[in-house]
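**Student:** sequence-free structure coming up:
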């Protein structure tokens with residue numbers, strides 16, 4: 001190709017890029033700063049930095065409340081990102097009170113708190129909801145790390161949980177296809193955060209992005225040029241990007257313990273987990289379990305999540321696979337049309 005041809009091609013490519021950016025600018029003109037939660041809610045309880053949010057005000061009589069427990073390492077508003085992309089709304093079918101736990105940002109005194117204190121916060125909020133609604137037990141839906149913490153609570157206080165849903169929840173952190181586990185074990189995480197004096201959310205976010213550097217570090221922004229041509233899709237792109245960059249800092253001691261107990265020593269899968277001197281045994285679970293996992297999950301591989309089924313005794317156990325990824329299981333339109341409804345039907349069965 002001669003110089004004139006190369007120059008003409010470059011001019012053509014530059015013109016196409018400018019046109020795409022102009023379309024994106026028009027789509028975003030007048031678009032307000034993206035909000036966080038899309039669905040009205042109110043705070044009902046607070047323990048330190050941890051809030052409990054209620055998403056309905058219907059009198060459900062004696063219906064069993066549902067508490068959704070999200071991970072500490074991300075913000076839970078991804079479960080309610082937009083009106084048409086809301087996992088929470090999919091569960092608001094009028095049959096049960098729906099709550100979401102928001103762990104919040106650690107306060108200065110939280111950095112010395114052990115992991116057992118945060119599992120204790122979950123237990124305290126479960127007790128408050130039980131008392132408020134006059135029920136002996138609640139339904140728990142734990143997502144990702146929130147599912148692991150929900151398993152810890154159910155193992156310590158089995159009678160307080162009527163039914164348990166785990167979604168993209170790691171149980172065996174040592175499976176051979178667990179890239180995140182291998183990455184964490186290859187780094188002196190304890191020494192790193194001790195030197196920093198904190199566990200910054202930006203550092204954790206960089207670790208997640210490093211699992212798929214090409215896809216998450218470049219390709220998605222090229223794809224966004226197409227998405228931004230439509231105002232509705234532009235709003236979702238902005239909300240997702242805001243959520244990705246909005247990782248909270250972690251309470252230092254609890255984070256170090258979680259890494260050691262689960263990633264390094266894999267104690268939950270090995271049946272050797274203790275919190276505050278109390279044994280956390282999955283064999284003590286009494287509630288029926290629905291294990292929802294994503295078949296193309298690069299953060300919690302199916303083998304890590306499905307390990308739960310081999311560690312339970314004498315409880316009803318069911319699996320629900322979703323053909324998608326870790327985030328798509330509660331953000332994609334396809335998941336929204338199937339997964340919340342399937343969970344709601346299982347809770348009502």
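**Tutor:** Here it is on my side, so go on. All of these numbers come straight from a predicted model, not from anything done at the bench. Numbering: from 1, shown residues only.
**Student:** Give me the below-cutoff pLDDT ranges for this structure.
**Tutor:** 1-4, 6, 10, 13-14, 17-35, 206-235 (pLDDT under 70).
**Student:** please redo it, this time with the cut-off set to 50
**Tutor:** Within the chain, the stretches with pLDDT under 50 are 29-32, 214, 218-219, 221-222, 225.
**Student:** where exactly do the strands run in the chain?
**Tutor:** 42-47, 50-54, 66-69, 80-82, 85-86, 98-102, 138-143, 161-167, 273-275, 278-280, 289-294, 317-322 (DSSP state E).
**Student:** and of the ones you listed, who's closest to residue 252?
**Tutor:** strand 50-54 (16.3 Å; C-beta to C-beta). (C-beta placed from N, C-alpha, C; glycine too.)
**Student:** what is the orientation angle of the closest one with strand 42-47?
**Tutor:** Angle, strand 50-54 to strand 42-47, by axes from the mean of the first three to the mean of the last three C-alpha atoms, to 10 degrees: 150 degrees.
**Student:** now the angle between strand 98-102 and strand 50-54, please.
**Tutor:** Compare the direction of strand 50-54 with that of strand 98-102 by the same axes, to 10 degrees and you get 160 degrees.
**Student:** Please name the strands paired to strand 50-54 in the sheet, noting orientation.
**Tutor:** strand 42-47 (antiparallel), strand 98-102 (antiparallel) (DSSP bridges).
**Student:** Out of those, which gets nearest to residue 69?
**Tutor:** strand 98-102 (5.0 Å).
**Student:** Could you pull up phi and psi at residue 106?
**Tutor:** With angles defined as degrees, to the nearest 10, residue 106 sits at phi -60, psi 140.
**Student:** about what we covered before: format the strands of the chain as a markdown table; extra columns: distance to residue 187 and mean neighbour count.
**Tutor:** Supplementary listing: these in a markdown table, determined by distance: least, C-beta to C-beta, whole Å; neighbours: other C-beta atoms under 10 Å:
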| stretch | distance to residue 187 | mean neighbour count |
| --- | --- | --- |
| strand 42-47 | 31 | 14 |
| strand 50-54 | 28 | 19 |
| strand 66-69 | 27 | 25 |
| strand 80-82 | 31 | 22 |
| strand 85-86 | 34 | 22 |
| strand 98-102 | 28 | 25 |
| strand 138-143 | 25 | 26 |
| strand 161-167 | 27 | 24 |
| strand 273-275 | 22 | 18 |
| strand 278-280 | 25 | 16 |
| strand 289-294 | 25 | 23 |
| strand 317-322 | 30 | 16 |
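**Student:** will you turn the ones you listed into JSON lines that also has distance to residue 195?
**Tutor:** Shown next, in JSON lines, are these (distance: least, C-beta to C-beta, whole Å):
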{"stretch": "strand 42-47", "distance to residue 195": "30"}
{"stretch": "strand 50-54", "distance to residue 195": "27"}
{"stretch": "strand 66-69", "distance to residue 195": "31"}
{"stretch": "strand 80-82", "distance to residue 195": "35"}
{"stretch": "strand 85-86", "distance to residue 195": "39"}
{"stretch": "strand 98-102", "distance to residue 195": "29"}
{"stretch": "strand 138-143", "distance to residue 195": "31"}
{"stretch": "strand 161-167", "distance to residue 195": "34"}
{"stretch": "strand 273-275", "distance to residue 195": "26"}
{"stretch": "strand 278-280", "distance to residue 195": "30"}
{"stretch": "strand 289-294", "distance to residue 195": "35"}
{"stretch": "strand 317-322", "distance to residue 195": "39"}
